[in-house]
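**Q** sharing a sequence plus its predicted fold:
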Amino acid sequence: MPLFSSRRPAPAGNGFAVDAANIHVLHDAKSFHQQLLLQIAQAQQRIHLCSLYLQHDEGGESILLALHQAKQQRPQLDIRVFVDFHRARRGLIGAGKQAGNAQWYQELSAHFGREQVPIYGVPVQTRELFGVLHLKGFVIDDWLIYSGASLNNVYLHVGERYRFDRYHLIRDRNLADSFSHYLCQQLQPSPGVQRLDVTALPRPGKDDIKSLRQRLAGYDYLPAPTTAERGRISITPLSGVGKDNRFNQRIEQLLGSAQHRITLCTPYFNPPKSILRILQKQIRNGLQVEIIVGDKTANDFYIPPNEPFRVISALPYLYESNLRRFAKRNQSAIAQGKLQLRLWQHEHNSYHLKGIWVDQAWQLVTGNNLNPRAFRLDLENGLLLHDPAGQLRQQTAAELDNIRHHTRLLQHYRQLETLRDYPAVVKTLLGRLKRIRLDRLLNRLL
């Protein structure tokens, strides 16, 4: 029997046919920031931005002021911004009571004019803890700029620190139209979606939020007008929300279809059980599996031991514990070189990078953290690229080399710390959580 005969078929579907020359990958946050500002300044028809948040800091301000300036110079521009409703109405974690970004949006709206840059808050759940708008994608005329990054100082590398992500620029009118249609025709008209840049609007009701979630669960991006042509790259936009959604199924199908090699990136090593099962099976089948995660010190929740402790800063240690258990279970594959576990760390910067590469023919560009929260609670999306002729192979290799640049390869699971190595306050907290099994709940929610 052939070795790979029982594998799932590769993901199928109508992808948009895009010339390889119209797909560009950036390698750093500063270039992403510069390109975003350049595209906004050059826009002639539309700017539709979707992000978890647009922060009131220097980086976020550079984007929002650029949008207002573009609208003043070219009044015909259709500008709309979509962010998570709950995230926009609270301050930063650990920063005390703050008004949130919505107040800043309202101040600028009052200054520049209410209809200039509408900002819509999308409530995926009644509380942020139980689900957020995790859609990504910026449509500017015929360009789709896709990144897992949100819009603030650290994601745009304004200042000394950056948060490392992926950055793709794709020029295709039909693909851009599909993203715009999702935002403007599917999200915006929902009763649960509220303008955040105007005052005195009622909070969305539970029924409105439930209706929005049900609506999105049964909806996907507009399909490509024709099947992808031979010699072009096929790009399929995907979205999903809730348990067992179609996006989750496509991710599982993609990993299960691998014949030779899988590379997977996630900032938080906390895979859903279904993903763990597939990875374990593929390791047993002898595939080359590479997993690139952030070192715990490169986690955006990490706080150095000499700074005041917050409960949420225990999460990086929890994720490291998950990784150590996985590495211990697969130590023989690590020793044989079949499983490569890489930890990313660069000075005081953080790692926020996600994605899947399969057999040099498929790759998933996404903001999905590939964890239980993403698979059950948040509204997620991504781009599935199929490149059977290998036209993007050189560009893909350069991106992966860039991702691996600040990583170290684990040779043994004992290179990862255990509970007894952690700071006393972390050790105590995780020990208590484990005894009452609350660590499992945290893994599902955060």
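**A** Yes, it's here.

**Q** show me what the helix or strand hosting residue 47 is packed up against.
**A** Residue 47 is located in strand 46-50, with elements delineated by DSSP states H and E. On a contact count with 3 or more C-beta pairs under 8 Å, 6 or more residues apart in numbering; DSSP states H and E, strand 46-50 meets helix 58-73, strand 78-84, strand 137-140, helix 173-181. (Glycine included, C-beta is placed from N, CA and C.)

**Q** just the C-alpha atoms of the last one, please, in PDB.
**A** So the one you mean is helix 173-181. The C-alpha coordinates for helix 173-181 follow below in PDB (Å, rounded to 0.1, in the frame of the first residue of the first chain):
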ATOM      1  CA  ARG A 173      -9.600  43.600  -8.500                       C
ATOM      2  CA  ASN A 174     -11.800  40.600  -8.000                       C
ATOM      3  CA  LEU A 175     -10.100  39.500  -4.800                       C
ATOM      4  CA  ALA A 176     -10.300  43.000  -3.400                       C
ATOM      5  CA  ASP A 177     -14.000  43.300  -4.400                       C
ATOM      6  CA  SER A 178     -14.600  40.000  -2.500                       C
ATOM      7  CA  PHE A 179     -13.100  41.400   0.700                       C
ATOM      8  CA  SER A 180     -14.900  44.800   0.400                       C
ATOM      9  CA  HIS A 181     -18.200  43.000  -0.200                       C
END
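
**Q** which other helices and strands does whatever helix or strand comes next after that helix contact?
**A** Where DSSP H and E defines the elements, the next helix or strand beyond helix 173-181 is strand 194-195. Under the contact definition 3+ C-beta pairs under 8 Å, 6+ apart, strand 194-195 sits against strand 119-122.

**Q** strand partners (parallel or antiparallel) of the strand it packs on?
**A** In the sheet, strand 119-122 lines up against strand 78-84 (parallel), strand 194-195 (antiparallel) (DSSP bridges).

**Q** and the helix or strand that the first one is followed by, what does it pack onto?
**A** Following strand 78-84 in sequence order, the next helix or strand is helix 85-88 (DSSP H and E). Contacts defined by 3+ C-beta pairs under 8 Å, 6+ apart place helix 85-88 against helix 101-112, strand 119-122.

**Q** can we see that at 6 Å?
**A** For helix 85-88, the packing partners by 3 or more C-beta pairs under 6 Å, 6 or more residues apart in numbering; DSSP states H and E come out as strand 119-122.

**Q** so which of the helices and strands packed on strand 46-50 is nearest residue 234?
**A** helix 173-181 (10.8 Å; C-beta to C-beta).

**Q** check which helices and strands the closest one sits against.
**A** strand 137-140, strand 143-147.

**Q** what angle separates it from strand 46-50?
**A** Computed with axes from the mean of the first three to the mean of the last three C-alpha atoms, to 10 degrees, the direction of helix 173-181 lies at 60 degrees from that of strand 46-50.

**Q** mind listing what's buried in helix 173-181?
**A** By 16 or more other C-beta atoms under 10 Å, the buried positions in helix 173-181 come out as 174, 175, 176, 177, 178, 179, 180.

**Q** can you tell me which of those residues is nearest residue 289?
**A** Once C-beta to C-beta is applied, the member of those that ends up nearest residue 289 is residue 175, at 30.3 Å.

**Q** the closest one reaches residue 15, doesn't it?
**A** No. Using C-beta atoms under 6 Å, residue 175 makes no contact with residue 15, being 9.2 Å away.

**Q** what strands line up against the strand holding residue 47, and which way round?
**A** The pairing partners recorded for strand 46-50 under DSSP bridges are strand 78-84 (parallel), strand 137-140 (antiparallel).

**Q** following the strand or helix carrying residue 236, which helix or strand shows up next?
**A** Secondary structure assignment for residue 236, by DSSP H and E: strand 233-240. For strand 233-240, the following helix or strand on the C-terminal side (DSSP H and E) is helix 246-256.

**Q** show me where this structure dips below the pLDDT cut-off.
**A** Along the chain, segments meeting pLDDT under 70 span 1-13, 91-99, 200-201, 226-229, 435-446.

**Q** for the residue most central in space within the chain, give its distance to residue 267.
**A** Closest to where the C-alpha atoms of the chain average out (C-alpha atoms, centre = their mean) is residue 367, at 1.5 Å. Relative to residue 267, residue 367 is positioned 11 Å away (C-beta to C-beta, to the nearest Å).

**Q** same deal with residue 289?
**A** 18 Å.

**Q** between those two, who's got more neighbours?
**A** residue 267 (27 against 22; other C-beta atoms under 10 Å).

**Q** surely the more buried one meets residue 354?
**A** No. Here residue 267 lies out of contact with residue 354, judged by C-beta under 6 Å, at a distance of 7.0 Å.

**Q** ok, back up a step: dump the strands paired with strand 46-50 into JSON lines; add mean neighbour count as well.
**A** Shown next, in JSON lines, are these (neighbours: other C-beta atoms under 10 Å):
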{"stretch": "strand 78-84", "mean neighbour count": "22"}
{"stretch": "strand 137-140", "mean neighbour count": "26"}
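
**Q** using JSON lines, lay out the helices and strands packed on strand 46-50 together with distance to residue 423.
**A** Listed next are those as JSON lines, based on distance: least, C-beta to C-beta, whole Å:
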{"stretch": "helix 58-73", "distance to residue 423": "31"}
{"stretch": "strand 78-84", "distance to residue 423": "32"}
{"stretch": "strand 137-140", "distance to residue 423": "39"}
{"stretch": "helix 173-181", "distance to residue 423": "44"}
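
**Q** ok, which of the ones you listed comes nearest residue 313?
**A** Comparing the helices and strands packed on strand 46-50 by C-beta to C-beta, strand 78-84 comes nearest, at 22.2 Å.
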